[in-house]
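> sequence isn't available, so here's the structure alone:
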Ligand code: C5P
C-alpha cells in the first residue's frame, strides 16, 4: 500500500494563468500551462489529502478525486482562494497571476474605426493572493502552511530568498533553468529560512511527488 503522508490534510492549490479582460473578446494573460500545479494537486491527493484546485484557464484534465474550481481573473482567483484557505492546512500557490488588469473593462467590443487611432489602456495592480493568505492570522500562527513559487530569469537563489521573505512563506520553490512553460519536466530549488536544496531535473509528476513529501515532512513530521 502506498504511504499516505498527507492523510487528513486539506490542501489548496492555485494553478495556471489568470485572464484579465479588456473587452468581451480581448484580454491579457500570462504564459502558464498549469502542469506543475495540476501535478501537485494530483500528488497531494495520492498522498491522502483532500485537495481543492483553483485553476485559471488551462487545457488540462482534473486529477482524479480533486475538487476543481475554475476561475478566470485574478480577482476571481483571489475570492475562491481566500474562501478555501479558511479551512485548508496547506496552501501551494503555483498560479501565474497577472500582475495588472485593465482599469476598465469595455462592455462592448472596442471597434477599429479605420482612422488609425489606437486604444490607450491603463492598468491597476491585482491583489497578491499568496502574500495576502500567507499574512493571514491562520498562516502566521502556523495553522496554514504556505508554499510559494518563483520563476526568475536570473539570480534564482537571491531572488527566491528575497521573495520568500516578502511573501511571508516558510517555503519558496524556484523554477530552475530557462522557460519551463508548457514542458513536462523541470528542476526545482527549495528555499527555506536556513538552506536551499535542489530537486534535480525530472518530470513535473516526479517533482510534484518529491515536493509533496517535503511539505508532509514539514507539516506533520512525516518521513519516508
Ligand atoms: O511576485 P511573483 O509573481 O513572482 O510571486 C510568485 C508567487 O506568488 C507564486 O507562488 C504565485 O502563485 C504567487 N502570486 C499570487 N498572486 C499574485 C502574484 C503572485 O498568489 N498576484
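Thanks, I have the structure now. As the structure is a computational prediction, the values presented were derived from the model and not from experiment.
> residue contacts, the residue sitting nearest the centre point of the chain?
With distances taken as Cα atoms, centre = their mean, residue 94 lies nearest the centre of the chain, 1.8 Å away. By Cβ atoms under 8 Å, 6 or more residues apart in numbering, the contact set of residue 94 is 13-15, 34, 36-37, 40, 149. (Glycine included, C-beta is placed from N, CA and C.)
> what's the spacing between it and the ligand?
6 Å (Cβ to the nearest ligand atom, to the nearest Å).
> for the closest residue to that residue other than its chain neighbours, grab phi and psi.
Among residues not flanking residue 94 along the chain, residue 37 sits closest, at 3.6 Å (Cβ to Cβ, 6 or more residues apart in numbering). Main-chain dihedrals, residue 37, degrees, to the nearest 10: phi -60, psi -40.
> distance check, residue 37 against the ligand.
Using Cβ to the nearest ligand atom, residue 37 is found at 9 Å from the ligand.
> same question for residue 142.
With distances taken as Cβ to the nearest ligand atom, residue 142 is found 19 Å from the ligand.
> tell me the contacts of that residue?
Residue 142 neighbours (Cβ under 8 Å, 6+ apart): none.
> pLDDT value on the residue nearest to residue 94, please?
Turning to residue 37, the model gives it a pLDDT of 97.
> then residue 224?
Reported pLDDT for residue 224: 67.
> cool, and residue 14?
What the model reports as pLDDT for residue 14 is 98.
> so what's it up against?
Counting by Cβ under 8 Å, 6+ apart, residue 14 touches 37, 54-56, 77, 81, 92-95, 97, 129-130.
> that one: which element?
strand 10-15 (DSSP states H and E).
> the helix or strand following that strand close to the ligand?
Scanning forward in sequence from strand 10-15 by DSSP H and E, the next helix or strand is strand 19-23. No. When contact is scored as Cβ under 6 Å from any ligand atom, no part of strand 19-23 falls within range of the ligand; the minimum is 11.1 Å.
> paired strands for strand 19-23, with orientation please.
Sheet pairing for strand 19-23, assigned by DSSP bridges, gives strand 26-29 (antiparallel).
> quick one: the helices in this protein, in order.
Secondary structure of the chain, counting by DSSP state H: helices at 35-46, 74-85, 129-134, 137-140, 156-167, 204-220.
> tell me which residues touch residue 97, please.
For residue 97, the contacting residues are 14, 17-18, 30, 74, 77, 126, 128-129, by Cβ under 8 Å, 6+ apart.
> let's see the pLDDT reported for it.
Looking at residue 97, its pLDDT reads 98.
> from the ligand, how far out is it?
Noted for residue 97: a distance of 3 Å to the ligand, by Cβ to the nearest ligand atom.
> state the pLDDT value of the closest residue to residue 4 other than its chain neighbours.
Using Cβ to Cβ, 6+ apart and skipping the chain neighbours, the partner closest in space to residue 4 is residue 48 (3.2 Å). For residue 48, the model assigns a pLDDT of 97.
> quick one: low-confidence parts of the protein?
For the chain, the stretches flagged by pLDDT under 70 are 1, 153, 177-180, 224.
> around the ligand, pick out the residues from it.
Looking at the ligand, the residues of the chain close enough under Cβ under 6 Å from any ligand atom are 14, 74, 93-95, 97, 126-130, 148-150.
> now list the buried members of those residues.
Using 16 or more other Cβ atoms under 10 Å as the burial test, the residues of the chain next to the ligand include 14, 74, 93-95, 97, 126, 128-130, 148-150 as buried.
> sorry, back to before: burial of the residue nearest to residue 94, as a residue count?
Residues lying near residue 37 (other Cβ atoms under 10 Å) number 28.
> thanks again, I'm all set now.
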